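Asker: sequence first, predicted model second:
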Amino acid sequence: MTTIINITLKGIFRDRVFQGIMVTACAFLLIPGLAALSMRQVTELSLTLSLSLISFILLLLAVFLGGTSLWKDIERRYTFSILGLPLSRQSYLLGRFGGTALFVLLASVVLGLAACAVVGFTSATYPPDKPIIWGTMVLCILFDALKYIMLIAVAFLFSTVSTSFFLPVFGTIATFLVGGVTQQVYEYIHSPASISLSPFVKQIATGLYYILPNFSAFDLKVNTIYSLPVPANGLLLTIAYFIVYVGLLLSLAAAVFSRREMR
């Protein structure tokens, strides 16, 4: 499996994905100028723009690397030669996922360093009312990376059942959009404002809440921007949720992939 992870990383670097990230990261240079347009909350706006840019880049990586990595191997028939080696399909799938997830982590480190440099420059130029809690910012970027690694697991599951790139790519995008609002929908249907909804609709919505991913649990942007404390229990529960959910997704993807006919 380690060999597959290394091959995956080399393939991503060979496709110049990392160079594309570095070019996109140049947008961080524009953030101090844009943040200066805010007369009162320059540092807060700098944090917001920096964290939003990181999320956008990681989303692109999760969708296009996760949605096309396995599909390209099957389409180009690389899978046939690799699986001809003494290697199980499950190990191949997990190796591909591990390499893609590791690249997302590396990208988040590079982007996080760029964001910290930009925010540090902005806060030195325009001192904020509240001090920046750098530890919370690191946690925010880390949990953002975990969120998109979970999205990669979703993309791999779609790739095991699809014969084209449309389902993995657009299915992953749809899952991301839905997973960002599941918590709000759950809170709404269990609030007094949902009295007009039928019990059947509430049961369906509750069932989907437990099936679909809850990406809002990984969002620490508000805590970072406004220097709010982060509850340790919430972080531990989110990590446990990530481990269990990704494990279930990969187990299901491995079971489907092991029974898939290669043509």
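Answerer: That came in fine, so what should we check first? Residues are numbered from 1 along each chain as shown.
Asker: for residue 159, give me its contacts.
Answerer: Neighbouring residues of residue 159 by C-beta atoms under 8 Å, 6 or more residues apart in numbering: 66, 67, 69, 70, 71, 168, 253. (C-beta placed from N, C-alpha, C; glycine too.)
Asker: the fifth one and residue 162: what is the separation?
Answerer: Right, residue 71. 7 Å (C-beta to C-beta, to the nearest Å).
Asker: coming back round to it: which of the contacts of residue 159 are buried?
Answerer: With burial judged by 16 or more other C-beta atoms under 10 Å, the buried subset of these is 66, 67, 69, 70, 71, 168, 253.
Asker: out of those residues, which sit inside helices?
Answerer: Per DSSP state H, helices hold the following members of the buried ones among the contacts of residue 159: 66, 67, 69, 70, 71, 168, 253.
Asker: closest to residue 142 among the residues you listed?
Answerer: Checking those against residue 142 by C-beta to C-beta gives residue 66 as the nearest, at 18.6 Å.
Asker: from what I see, the closest one and residue 151 are in contact.
Answerer: Yes - counting by C-beta atoms under 8 Å, residue 66 touches residue 151, with 6.7 Å between them.
Asker: give me the common contacts of these two.
Answerer: The contact sets of residue 66 and residue 151 overlap at residue 172 (C-beta under 8 Å, 6+ apart).
Asker: please identify which helix or strand holds residue 119.
Answerer: Assessed by DSSP states H and E, residue 119 sits inside helix 89-125.
Asker: ok, and for that helix, which residues are buried?
Answerer: Across helix 89-125, burial judged by 16+ other C-beta under 10 Å covers 89-104, 106-108, 111-112, 114-116, 118-119, 122-123.
Asker: same check, this time on stretch 159-167
Answerer: Buried, per 16+ other C-beta under 10 Å, within stretch 159-167: 159, 160, 162, 165, 167.
Asker: distance to residue 221, secondary structure and pLDDT added to those residues, as CSV?
Answerer: Listed next are these as CSV, based on distance: C-beta to C-beta, whole Å; DSSP: H, G, I helix; E, B strand; the rest coil; pLDDT from 0 to 100:
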residue, distance to residue 221, secondary structure, pLDDT
159, 29, helix, 86
160, 32, helix, 86
162, 32, coil, 76
165, 31, coil, 77
167, 30, helix, 84
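Asker: reformat those as CSV; add distance to residue 52.
Answerer: Output for the buried residues of stretch 159-167, formatted as CSV (distance: C-beta to C-beta, whole Å):
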residue, distance to residue 52
159, 28
160, 32
162, 30
165, 27
167, 28
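Asker: now for those: which two are most distant?
Answerer: 160 and 165 (13.1 Å).
Asker: and the residue nearest the centre of the chain, what is it in contact with?
Answerer: The centroid of the chain falls nearest to residue 148 when counting by C-alpha atoms, centre = their mean (1.0 Å). Residues near residue 148 by C-beta under 8 Å, 6+ apart: 58, 59, 61, 62, 104.
Asker: ok, residue 131 - how many residues close by?
Answerer: 10 (other C-beta atoms under 10 Å).
Asker: phi first, then psi, for it.
Answerer: Torsion angles at residue 131 (phi, psi; degrees, to the nearest 10) stand at phi -70, psi 150.
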